[in-house]
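Peer 1: Got a predicted structure here, sequence first:
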Amino acid sequence: MNLVRFLKRQINRVRHDWQHEVSYAQCGEDIIIQYVFASLGVGTICYLDIGAHHPSYLSNTCLFYLKGHRGVCVEPDATLLSSFRRERPGDRLLNIGVAPERGVGEFFVMTTPTLNTFSRAEAERFVSYGKERIERVEKIPIQNINSIISENFTTPPNFLSLDVEGLDLMILQSLDFDRHAPAVMCIETLTYTEDRSERKLNELIEFVKSKGYFVY
């Protein structure tokens, strides 16, 4: 039996343990991630949440925090930090952006905060739908993902949650998988649209597959 088939079978075996679990993620991703870690026999989850946004609302890591796990949350919008400090004081919070090169980037704050982005093209695409506008543009410090891991973890995180609206692939391509490969990653594989004409991000999917991962 190959590894993919084995893991999927193991995941299905533990589903019943969380039939009544509360999910804080958008589509139950945290429950699925919990299945995966259980199937891998991993008891302690250490996460890096890039684009954390909110401590509980649409959060891929809140469930794990509430179960006693800890990690680092990266959120460039300073107006969102107070709720993290109040609700998740055990996590380390970084008010920065992430990109391949260290520096300063333009951060586009949108009408809907979940769509905030460092990508001008993505911001303008959201505006073109007619319901969004760019509320403000801020200059935010940028750091490389490898530096974030080296400077904030004693061992690499085994869970990476990445949601940065349009720059996910670029960040993944800059990650040193030889040194910092997480066991599990949660990454959007569909583009956001208002008319539900989502497009699969095949380049991103093929890239993570080339690094030895499979999509679940």
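Peer 2: Ah, there it is. Numbering: from 1, shown residues only.

Peer 1: can we go C-alpha only for contacts and neighbour counts from here?
Peer 2: Will do.

Peer 1: any weak-confidence spans in the protein?
Peer 2: Applying pLDDT under 70 to the chain flags residues 1-20, 192-197.

Peer 1: Mind jotting down where the helices sit in it?
Peer 2: Taking DSSP state H as the test, the helices found in the chain are 3-14, 29-40, 62-66, 81-87, 120-128, 145-152, 168-174, 177-180, 202-210.

Peer 1: hey, C-alpha coordinates of the fifth one in CSV?
Peer 2: Presented in CSV, the C-alpha positions along helix 120-128 are these (Å, rounded to 0.1, in the frame of the first residue of the first chain):
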residue,chain,number,x,y,z
ARG,A,120,-1.4,45.4,-5.9
ALA,A,121,-2.7,43.2,-8.7
GLU,A,122,-4.9,41.2,-6.3
ALA,A,123,-6.2,44.4,-4.5
GLU,A,124,-7.2,45.9,-7.9
ARG,A,125,-8.8,42.6,-8.9
PHE,A,126,-10.9,42.7,-5.7
VAL,A,127,-11.9,46.3,-6.4
SER,A,128,-12.9,45.4,-10.0
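
Peer 1: Quick check: buried residues in it?
Peer 2: 122, 123, 126 (16 or more other Cα atoms under 10 Å).

Peer 1: what about the nearest residue to the last one once chain neighbours are set aside, distance to residue 27?
Peer 2: Ranked by Cα to Cα, 6 or more residues apart in numbering and with sequence neighbours excluded, the top spatial neighbour of residue 126 is residue 132, at 5.9 Å. Distance, residue 132 to residue 27, by Cα to Cα, to the nearest Å: 23 Å.
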